[in-house]
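A.B. asks: give the three-dimensional model of this entry:
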Amino acid sequence: MSISSLNNNQPGQAGSALPAQNAAYSAQNSRNQLNSVLVQSLDVSISSGKQSQTLLFHASLTNITQILNADFSNQDGSQQTQGSASLQISSTQLSISIQQDGQSDDNSPEATSKRILDGATSMFALYQQQHPELSADDQAKNFVNLIRQGFEQGYGEATDILKSLKVFNGDVQSGVEKTKDLVEKGLDAFLKSNLSSSAQSASSATGTSQASAS
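C.D. replies: Numbering: from 1, shown residues only. Have a look, this model is predicted:
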């Protein structure tokens, strides 16, 4: 089974589905274009579970980029053109990341989680440009929340596919779950590195109080 067989979109259809004169991309159009990038970039065999890490990478980056583009498109009318441009930039970044991933011989949880984190966090500067109204700390918090949401959706999609193929067990399951754990820890570290000292202290105090309450 391949990525393309799991997707109803064929290469080229995503582009034709976009309104010719519409500068603002809807969430569905964003997803269609991103799926087209996936189909055209790499046809991944996962029937044996050997490409489970590649599947997780693709699903994660697709959902993360979709979540970010939906956020950008929700900006006020003066920023709609920027939102459209951001989709093109993100799609290009995703295509490059997928091609690099396909060329890699290292599909370990460590390597896959790093590629997911690198691809996701590379869009932080773009998010900051889209949200100048937020403080630096809020930019970091909101961005990481969106990335987590996209990653969890991608993880769910990937594991559902692996379960349907009856290969989500043994080394495949443990490897995918380890990748998830490493991504979550990486996002925690990214957030901490982008928070001010006062915000870090407040976050630590909140975490301590919640732990005590439990």
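A.B. asks: how about low-confidence regions in the chain?
C.D. replies: 1-48, 75-105, 198-214 (pLDDT under 70).
A.B. asks: run through the helices of it in chain order.
C.D. replies: 13-17, 27-41, 52-73, 80-103, 109-121, 124-130, 136-164, 170-193, 197-213 (DSSP state H).
A.B. asks: give me the neighbour count for residue 153.
C.D. replies: 17 (other Cβ atoms under 10 Å). Placement of C-beta: from N, CA and C, glycine included.
A.B. asks: wait, doesn't it sit right on residue 62?
C.D. replies: No. Using Cβ atoms under 8 Å, residue 153 is not in contact with residue 62; the gap is 9.0 Å.
A.B. asks: isn't residue 179 right next to residue 55, touching?
C.D. replies: No. Using Cβ under 8 Å, residue 179 is not in contact with residue 55; the gap is 10.9 Å.
A.B. asks: between those two, which one's more packed in?
C.D. replies: residue 179 (27 against 23).
A.B. asks: please report how far that one lies from residue 138.
C.D. replies: Relative to residue 138, residue 179 is positioned 29 Å away (Cβ to Cβ, to the nearest Å).
A.B. asks: now residue 189
C.D. replies: For residue 189 relative to residue 138 (Cβ to Cβ), the value is 19 Å.
A.B. asks: how close does residue 155 sit to residue 107?
C.D. replies: With Cβ to Cβ as the criterion, residue 155 and residue 107 are 16 Å apart.
A.B. asks: who's more crowded, the two?
C.D. replies: For residue 155 versus residue 107, neighbours defined as other Cβ under 10 Å are more numerous around residue 155 (21 against 18).
A.B. asks: excluding chain neighbours, what is closest to the more buried one?
C.D. replies: residue 180 (5.6 Å; Cβ to Cβ, 6 or more residues apart in numbering).
A.B. asks: wait, that neighbour sits on residue 154?
C.D. replies: No. Between residue 180 and residue 154 there is no contact under Cβ under 8 Å: 10.0 Å.
A.B. asks: between these two, which one's more packed in?
C.D. replies: residue 154 (26 against 21).
A.B. asks: does the more buried one touch residue 59 like I think?
C.D. replies: Yes. Counting by Cβ under 8 Å, residue 154 does reach residue 59; the two are 3.8 Å apart.
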